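Engineer: could you look at this predicted model? Sequence included:
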Amino acid sequence: MLFPHIRSLGVAHLVVIGCAMATGAPSCPGKNFAYNASGVQILGLSRNDGASSADACAAACCTDGPCEVWQFQPGNSHSNGCWLGRMSQRGSSGNWVGASTSSGPPPPPPPPQPAPPGAPIAVNDIKSLGLQWEGVGAISGGGATTKLLMDYDPKVSSDILDYLFLPNFGLNLQLLKVEVGGDADATEGAEPSHMHYAGDENYNRGYEWWLMKEAKARNPNIKLYGLPWAFAGWLDPSAGPDTPAKNAFANPNISANYTVSWLEGANRVHGLNIDYIGQWNERNAPADYAAALREAVSARSPETFVLNRLPHYPGTGSVADPQGCTQYQWNTTDGSRWVDEEGSVADGKSARCLARCVSRNYVTGCHTATFQWHLISSFYDYLPWSRCGVAVANTPWSGSYEVTSPTWALAHTSQFAPPGWRYTGHGAGVQLLSAGGSIVTRVSPDRSDFSIVLEKMTHQDSSCARGSNPSYDTSPENVTMVLGGRLLTAAQNGLQVWFSDLSQGNDSPSLFVNKGSISVGNDGKIVLPLGLNQMYTVTTLKTGNKGNHSVPTAAPFPIPYTQHFDDENVSSPPRLWYDQMGAWEIRPSSTGSGNVMRQMVPIWPACWGYSCNGPTTYFGPGGVIQAGMNVSFTIVLEDDAELSTSYCTIDSKTGAWTIGKAKGSGAVFPPKASHTISIALRSDSTTVILDGKVLGSGEAIVGGSSGGFKLALNRYVFAEIDNFAITNLSNEY
């Protein structure tokens, strides 16, 4: 055991990081782990999947040259396990054990004595400006988050896309990050790879191409960014239909070619130039892959910049950056000052979280772009992390959708600060407010325009799903700003004032309200009353707008429902189905005429961190199937596999079957033949009919509100589904 005294630290042993370690611990060559890193999570570390214990984690850090801290927390979730890296900010407490070669960066100096509430705040460009603003970003992916948007009527989906991308209408997104699909669950579900197997290439799969083109059509200046979570299984030669891929970088040059082919396909097939490509979400890619990727991108997609791993959900600090961000180059464009995946909570709390983070990410951390995860919640509510987007669009059968308050919280910045504007200096329009909250000011390159964002989000009401949010006191105040320099000159034509009260719900009339214009006298003074969980934008720009499209009325899912797939586009994801593992897509039938829904992945993918099962897909909203209904479909397996649904399993090789707790054998269900399966759901029983004959019956099993209809295989084989139907049950069975 490398650090025997660490093993004894448990839940009750929350030890302050920085205390010297007990003596007698064996040393690592060239490293002295003299400090305890237990009890509190260290932010910014990288996950090491090869270490499954604290001892193995410590050993991994010993052999990793740059590593100066290791932490291990038992458990099966992605946030647990072994994490390595350098000392940085401390996060929340937990069952972490670990050690470090240093006590971490020294604490920042105490903040300057705050001015009394109401004291004037200087806002000017008299001294040097701060860093360059790079934009509000959001992520489509990290779990197939946008899938159902493409299933809406085109007129309605166009309206929703306006809210996301159209300048001066809604969110006005400035950076769009999309998942490079890898056929495996990346949180809620899976996005399809452009290469399911060696020699396969298809750049019309999924919906991210469509989404990026729609974004560019509305805002040609939006930046595009691709990032893989999972990878196609064939990149690992040891993987197969029954064996999950473990090393997507077995041959770094092949893996780099796989990623660069996605960039080339975006350009060749869709006319899209991808501005940025990442290496691997929330993980450090192997160095040889990173080098191969950079070399391949430079040769074949030179307009694309390869990013290093971004810090994820750091949150905000309690004091302004002590150096006023002057330690950084002001005009970086390499993503080094970006932060990823803030937000991730639903509705009002997400709006308040984002209002705090977008401004204070810069004030306290010098971050110049903030990404919200995720862009739009276009997946069923029974899946993880539901309703955390800036809008919710997951009922395409009715056309109804919701534009939620995070859209308007972010619009306070994105509609009034184009990328390329610069922050004013700390203490000259960038600072924390003495009674809680913050002010940030951004100015145009020629300093003829500027925008000020004021926010007073309370600690208790603005927590994100993750990240730092230190406790602080907040009280209402009248904020007095005094404009100076060229900002005072720019303000002489009047200023527009926009206001939101984020303590209200999504339908509140107090979201993104134009309060009209105000004039500024020669003294440059502006006074605004700022209450709890409120925010303002004060700007010279007159282009702001709260767009408004009429929203169709919500309606229940229509029953009876049939789906034959013949009217759906080849290579597209099946309408209203949602893949969690594998890739089911529309293909011509291999056994007859018309289209089918086909499972296209023949090799178990290199999973990312959530489910890693066989091919799995869901249909419909929670509660769509009830007692008194019948579910039926035809299926062709191209090799032996066990089929499972929400109600039964049938093994093609052994003939074994289950219906709830009931079990049996003798099912005639060979591969390479078409079979019809009907599942009759009664209030007292469930009966399965295979090819017109009763296979068996079991207890009543009704989906209810727990989920939609689930269909899965236990291994990666090609399979086809057709003639799917949900009908009201007749009395024929």
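Structural biologist: Nice, thanks for sending it over.

Engineer: which pLDDT value goes with residue 529?
Structural biologist: Predicted confidence (pLDDT) for residue 529: 97.

Engineer: can I assume it is in contact with residue 478?
Structural biologist: Yes: using CB atoms under 8 Å, residue 529 makes contact with residue 478 at a distance of 5.4 Å. For every residue, glycine as well, the C-beta is placed using N, CA and C.

Engineer: so who does the residue nearest to residue 416 when sequence neighbours are not counted touch?
Structural biologist: Nearest non-adjacent residue to residue 416, counting by CB to CB, 6 or more residues apart in numbering: residue 451, 3.9 Å away. Counting by CB atoms under 8 Å, 6 or more residues apart in numbering, residue 451 makes contact with 413, 416-417, 421, 441-442, 537-541.

Engineer: again, only using 6 Å
Structural biologist: Residue 451 makes contacts with 416-417, 442, 537, 539, as judged by CB atoms under 6 Å, 6 or more residues apart in numbering.

Engineer: tabulate those (TSV), appending distance to residue 500.
Structural biologist: What follows is the contacts of residue 451, written out as TSV (distance: CB to CB, whole Å):
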residue	distance to residue 500
416	13
417	16
442	18
537	9
539	14
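
Engineer: and the furthest pair within those?
Structural biologist: Using CB to CB, the two most remote members of the contacts of residue 451 are 442 and 537, lying 10.4 Å apart.

Engineer: where does pLDDT dip in this structure?
Structural biologist: Counting by pLDDT under 70, the chain contains low-confidence residues at 1-27, 44, 76-79, 89-93, 104-117, 703-706, 731-733.

Engineer: returning to what we had before: partner strands of the helix or strand where the residue nearest to residue 416 lies, with direction?
Structural biologist: Using DSSP states H and E, residue 451 sits in strand 450-455. If you go by DSSP bridges, strand 450-455 pairs up with strand 438-443 (antiparallel), strand 534-539 (antiparallel).

Engineer: all the strands of the stretch 451-600 of the chain, residue numbers only.
Structural biologist: Ranges of strands in the stretch 451-600 of the chain, per DSSP state E, counting those that start in this stretch, are 477-483, 495-501, 513-518, 525-530, 534-539, 561-563, 577-581, 584-588, 595-599.

Engineer: number of nearby residues for the closest residue to residue 656 other than its chain neighbours?
Structural biologist: In this structure, residue 656 finds its nearest non-sequential neighbour in residue 665, 5.2 Å apart by CB to CB, 6+ apart. Around residue 665 sit 10 other residues, with neighbours defined as other CB atoms under 10 Å.

Engineer: is the residue nearest to residue 416 in a bridge, and if so with what?
Structural biologist: Counting by DSSP bridges, residue 451 forms beta bridges with residue 442, residue 539.

Engineer: hang on, residue 376 packs against residue 391?
Structural biologist: Yes: judged on CB atoms under 6 Å, residue 376 makes contact with residue 391 at a distance of 4.8 Å.

Engineer: settle it for me: which of the two has more neighbours?
Structural biologist: For residue 376 versus residue 391, neighbours defined as other CB under 10 Å are more numerous around residue 376 (28 against 22).

Engineer: quick one, what contacts the more buried one?
Structural biologist: Counting by CB under 6 Å, 6+ apart, residue 376 touches 146, 389, 391, 393.

Engineer: redo that, cut-off 10 Å
Structural biologist: Taking CB atoms under 10 Å, 6 or more residues apart in numbering, we find residue 376 in contact with 138, 140, 145-146, 148-149, 160-161, 163-164, 171, 211, 388-394, 401, 403-404, 407.

Engineer: so which of those residues are in strands?
Structural biologist: 138, 140, 391-394, 401, 403 (DSSP state E).

Engineer: thanks a lot, catch you later.
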